[in-house]
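Asks: Could you work out the structure for the sequence below:
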Amino acid sequence: MARTTTGLLEKRVVNTRAPHQAARLDSLLLERGAVPLPFPCIDIAEPGDTAPLDAALRSALGGGFEWLLLTSENTALALARRLVTLGHPQDALARTGLRVGVVGPATGQAARMCLSLTASCMPARASAHDMVAALPDPRGIRVLLPQSELAGPDAAASLRAAGAEVVAVPAYRTVLGSGGIDLAAELRRGAVDAIVLSSPSAVTNLLERLRDADTGPRDLIRVTIACIGSSTATAAANAGLSVDVCPQAQNLPDLVDDLDAYFSGGPMTLCSGTSAGPAAGPLTSSPAAANTCWGPTGAPAHRPRRLRQSAALREMIRETALTRSDFVYPLFVHHDDGGP
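Replies: As a prediction, this is how the structure comes out:
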């Protein structure tokens, strides 16, 4: 059951997700009374060379694979777009008898919506490593693994080590997002309460977009940073950002729950497995900022709470001009007004 939504009420939260993915987070924030602010930091485009993907799709349509593994929502969308470009219907793979593994519920939903595919395998924890481990005996099976151009070799290597025959191909590339609010201006006027980051690429592109507006990590010092996934949190910390919210379960509902709890002052469960934690003290672009020790529960051993801003609080602490009459002097103090 969802928690009480007092924490996020009227909080202005920047959504950095790609335009085709932003609606889900916006909806969850609106349910809690928050104000979502669009600032797309990533978008997806075709890979630089589509030949490997095209060849893999033709092989899949001809029954050349037994399993299709999807590691992100973007992969499902990219496959659907490419199938249409090649002259096939979006649901063409659903007619081949392919078994499908997905990294988590959101990817499973994308597989259904974009490709009409129902997942046969989904791990309890949303990670590519767990998805590979959850597969039934992979020895001797042919697996199609479409990924981002930036994806590392770990998933394919794990499959090959387990005896699978893997074809890993780039399905899309991540590009810099555009549009949305004037975030630099909103930061200058103190009108941003939190920023949600859902991938390491989003971290990189957020700072790149802000750099173009002569803004950087120091301008985010009083903004709550919420990350999905330990790799995103590590990237943010290494970039000089202080990570405040990172749920153990890598999904949007849990992130919004923990963001709500953060602003309410309630308990949170931070993600584990990051190689860095929130930077302690002033922000710095040096990797040394990421060396805060993390405690045995996955939470940092030292995790100071920062000032939580609101319109009312900003009004209370605004710069004030004082005159001598505003002060109370002890009776034995005589102030020389320059008179006789």
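Asks: could you pull out the helices for the protein?
Replies: Applying DSSP state H to the chain gives helices spanning 22-31, 51-61, 73-85, 105-115, 128-134, 154-161, 183-188, 200-212, 230-238, 252-264, 311-316.
Asks: Of all these, which one is nearest Leu37?
Replies: Checking those against Leu37 by Cβ to Cβ gives helix 183-188 as the closest, at 7.1 Å. Heads up, the C-betas are built off the backbone N, CA and C, glycines and all.
Asks: Just the CA atoms of that closest one, as PDB, please.
Replies: What follows is helix 183-188, C-alpha atoms only, in PDB (Å, rounded to 0.1, in the frame of the first residue of the first chain):
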ATOM      1  CA  LEU A 183      16.500  24.100 -15.500                       C
ATOM      2  CA  ALA A 184      19.400  26.500 -15.000                       C
ATOM      3  CA  ALA A 185      17.000  29.400 -14.400                       C
ATOM      4  CA  GLU A 186      14.800  27.300 -12.100                       C
ATOM      5  CA  LEU A 187      17.900  26.400 -10.000                       C
ATOM      6  CA  ARG A 188      18.900  30.000  -9.800                       C
END
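Asks: Residues in contact with it: which ones?
Replies: 12, 14, 37, 39, 192, 209-210, 213-215, 219-220, 223 (Cβ atoms under 8 Å, 6 or more residues apart in numbering).
Asks: how far out from the middle of the chain is the lengthiest strand in the chain?
Replies: Counting residues, the longest strand found in the chain (DSSP state E) is strand 165-176. Strand 165-176 has its C-alpha centroid displaced from the chain centroid by 19 Å (Cα atoms, centre = their mean, to the nearest Å).
Asks: count of residues packed around Phe39?
Replies: 25 (other Cβ atoms under 10 Å).
Asks: hmm, back to that, which strands border the longest strand of the chain, and is each parallel or antiparallel?
Replies: With DSSP bridges as the test, strand 165-176 is paired with strand 42-45 (antiparallel), strand 142-148 (parallel).
Asks: Just put the ones you listed in JSON lines and tack on mean neighbour count.
Replies: Compiled in JSON lines, the strands paired with strand 165-176 are given as follows (neighbours: other Cβ atoms under 10 Å):
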{"stretch": "strand 42-45", "mean neighbour count": "19"}
{"stretch": "strand 142-148", "mean neighbour count": "23"}
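Asks: Find the nearest non-adjacent residue to Glu66, please.
Replies: For Glu66, ignoring the flanking residues on the chain, the nearest one in space by Cβ to Cβ, 6 or more residues apart in numbering is Ile141 at 4.7 Å.
Asks: And the pLDDT for the one you found?
Replies: For Ile141, the model assigns a pLDDT of 93.
Asks: how near is it to Asp212?
Replies: Distance of Ile141 to Asp212, given as Cβ to Cβ, to the nearest Å: 47 Å.
Asks: Same question for Ser242.
Replies: Per Cβ to Cβ, Ser242 is found 22 Å from Asp212.
Asks: more neighbours, those two?
Replies: Ser242 (25 against 10).
Asks: The closest residue to Arg82 other than its chain neighbours and Ala60: what is the separation?
Replies: In this structure, Arg82 finds its nearest non-sequential neighbour in Leu53, 6.0 Å apart by Cβ to Cβ, 6+ apart. Counting by Cβ to Cβ, the separation of Leu53 from Ala60 is 10 Å.
Asks: Show me how the record splits the chain into domains.
Replies: The chain breaks down into these structural domains: 12-41+178-315, 45-175 (assignment by automatic domain parsing).
Asks: correct me, but the residue nearest to Arg82 touches Ala168?
Replies: No. With contact defined as Cβ atoms under 8 Å, Leu53 does not count as touching Ala168 (10.7 Å).
Asks: overlap in contacts of those two?
Replies: Pro146.
Asks: ok, now which ones touch Gly33?
Replies: Going by Cβ under 8 Å, 6+ apart, Gly33 touches 5, 8-11.
Asks: ok, so what distance separates the spatially most central residue of the chain from Ala76?
Replies: The centroid of the chain falls nearest to Ser198 when counting by Cα atoms, centre = their mean (1.0 Å). Separation of Ser198 from Ala76 (Cβ to Cβ): 16 Å.
Asks: This completes my enquiry, with thanks.
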